[in-house]
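> Structure of the sequence below:
(one chain, ligands or ions: 1)
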Amino acid sequence: MNNRFHTPTFMVKAALGASLSILTIGGIFLWLSNSALIEGEAEEAKATSVQTTEAAKASPELIATLKTDLMTSEYVAVGAVPTEITPDIAIPTDIEKMVTVSSGDTLMSLLVTAGATRSEAHGAITALTNVYSPRKIRPGLDIALTFAPPTTVEEAENSRDVGPLRAMQFQPSVERIVKVSTTEGETTKYIAEEIQRPLTMRMARSTNEITSSLYLAATNVGVPNDIMIKLIRAYSFDVDFQREIQKGDSFEVVYEAYYDEDNNLARTGEMIYGNLNLSGDDLQLYRYTPSSGFTDYFNEKGQSAKKALMRTPVDGARLSSRFGKRKHPVLGYNKVHKGVDFAAPRGTPIYAAGDGVIVRANRFSSFGNYVKIRHHSGYETAYAHLKGFAKGMKKSKRVRQGQVIGYIGTTGRSTGPHLHYEVLYNGRQVNPLGVKLPAGEKLKSADLKKYKVEKQKIDSMMNELKKPAAIAGLQTN
Ligand SMILES: [Zn+2]
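Down below sits the predicted model:
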């Protein structure tokens, strides 16, 4: 049935491509895990991703700050010379400092460490509260501080290298800037304001032929990383990216893109449509929210792209051993491998492949730390060699698809960090990559009708985007 996979050379290339993509987007894969599936972990993961994005975004500013810091220390060195005697020296200007919130910081401690007095910090925070709750400040946020130059005797006595705090500014989201500054003539009276950056949403469309991997093909036409992840996620139930993609295949994606006043891409929104053309067959997916409220991607017939079980319950992993007969890496003789192995760095989260109930979560001889989940319709999944279990994972616990159940490790009889994954049907191991998985939601009656209307809207929007003018404006190649 699967004739997409022709030569061994291609396999090597595809595998290389896949692992390259995994390396590059490895970090992001850790948080992409899910929209609403994991409660606690998702929060934590989100915080990390925000931190990364903020840090990346702040880099030019950080460089600016470093420069200012250099200038500042220079200033301090000559600053002992009273300005009145040497009017030639540049008049000291405000001092800018960039501070990054770390976990455990309070805004008060951050401001005081940067040089503000407690009363200045208190004044600024009180003013801030009018437009933004300091509780919402998360680790990773960069805050720009402006201080007056240190001129008075008082400051010298307090041994701080700056004058009074004049302003503090940060950007809690791409659309929003929060600024607190002193009122004219006052040093400790602050006012806060919120500046909205208007963003314009436009649909963007990208398409490209796949020569080595989907990741490279998409990168080459400027598909943003978070859209690429949404694309891969949407197809991960249906497509084995390591085996099924081959030269000559192509992809297409339409997504929401938000631009600032200068027409720079500020952020992306949702992926609205995706298409993978594999060996001439289109696999189209449309975004739709049925009456259940759970937004999903559906094919042209209204069948959800999701399956009741995931084939690969770990993100960014490399398939390292297939199902079937093989020489056992530790025991050395031929043995049937009753699952598939996925190699991934130690500590990589492992997901419940489907909704179900944990029937076992403990040490299990050569499997090491082991979890087994019972799903509906006679299916079970098992996960072995775990480094450890996620919090609360024990027998009888109900889990949802995509929920983190444990972490990649190498406990039990194992040669290196990997997940040994089994799918059991009526108590017997089946090949997780080959088995026909129970399907997810299929839209019916009213939902199906509404979906068809929505699908038509998306189709006509795409026809607009495909027109030459639109292509010139929106496509990168
Ligand atoms: Zn194995």
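
> Please give the number of neighbouring residues around the residue of the stretch 251-400 of the chain found nearest the ion.
Going by Cβ to the ion, the ion is nearest to residue 341 of the stretch 251-400 of the chain, at 4.1 Å. From N, CA and C alone the C-beta is placed, and that goes for glycine too. Residues near residue 341, counting by other Cβ atoms under 10 Å, number 23.

> Likewise for residue 291?
When counting by other Cβ under 10 Å, one arrives at 10 neighbours for residue 291.

> re earlier: thought the residue of the stretch 251-400 of the chain closest to the ion was touching residue 320?
Yes: here residue 341 reaches residue 320: they are 4.7 Å apart, a contact under Cβ atoms under 8 Å.

> intersection of neighbour lists for these two?
Counting by Cβ atoms under 8 Å, 6 or more residues apart in numbering, the contacts common to residue 341 and residue 320 are residue 418.

> who's in contact with residue 174?
197, 199, 258, 260, 266-267.

> of these, closest to residue 420?
residue 267 (38.8 Å; Cβ to Cβ).

> Count residues in the vicinity of the closest one, would you?
For residue 267, the tally of surrounding residues (other Cβ under 10 Å) stands at 17.

> State the pLDDT value of it.
With respect to pLDDT, residue 267 scores 91.

> ok, now residue 296?
86.

> Same check on residue 188?
Looking at residue 188, its pLDDT is 69.

> do the one 5 residues further on as well
Reading off the confidence values, residue 193 has pLDDT 94.

> Spatially, which residue comes closest to it, not counting chain neighbours?
Of all residues not flanking residue 193 in the chain, residue 179 sits nearest, at 5.4 Å (Cβ to Cβ, 6 or more residues apart in numbering).

> strands paired with the helix or strand hosting that neighbour, and their directions?
Assessed by DSSP states H and E, residue 179 sits inside strand 176-182. Strand 176-182 has the following strand partners under DSSP bridges: strand 165-173 (antiparallel), strand 190-196 (antiparallel).

> helices or strands up against the helix or strand hosting residue 125?
Assigned by DSSP H and E, residue 125 falls within helix 118-129. Contacts defined by 3 or more Cβ pairs under 8 Å, 6 or more residues apart in numbering; DSSP states H and E place helix 118-129 against helix 107-114, strand 165-173, strand 176-182, strand 190-196.

> Output those in a markdown table, with distance to the ion appended to each entry.
A markdown table is the format used below for these (distance: least, Cβ to the ion, whole Å):
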| stretch | distance to the ion |
| --- | --- |
| helix 107-114 | 48 |
| strand 165-173 | 44 |
| strand 176-182 | 48 |
| strand 190-196 | 53 |
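
> Minimum distance to residue 358: which of these has it?
Per Cβ to Cβ, nearest to residue 358 of these: strand 165-173, 37.4 Å.

> For the helices and strands packed on helix 118-129, give me CSV that also has distance to residue 382 and mean neighbour count.
Compiled in CSV, these are given as follows (distance: least, Cβ to Cβ, whole Å; neighbours: other Cβ atoms under 10 Å):
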stretch, distance to residue 382, mean neighbour count
helix 107-114, 47, 17
strand 165-173, 42, 20
strand 176-182, 46, 19
strand 190-196, 51, 14
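
> of all the ones you listed, which lies closest to residue 419?
Closest to residue 419 of the helices and strands packed on helix 118-129, according to Cβ to Cβ: strand 165-173, at 35.6 Å.

> I'd like the distance from that closest one to the chain centre, please.
Between the centre of strand 165-173 and the centre of its chain there are 25 Å (Cα atoms, centre = their mean, to the nearest Å).
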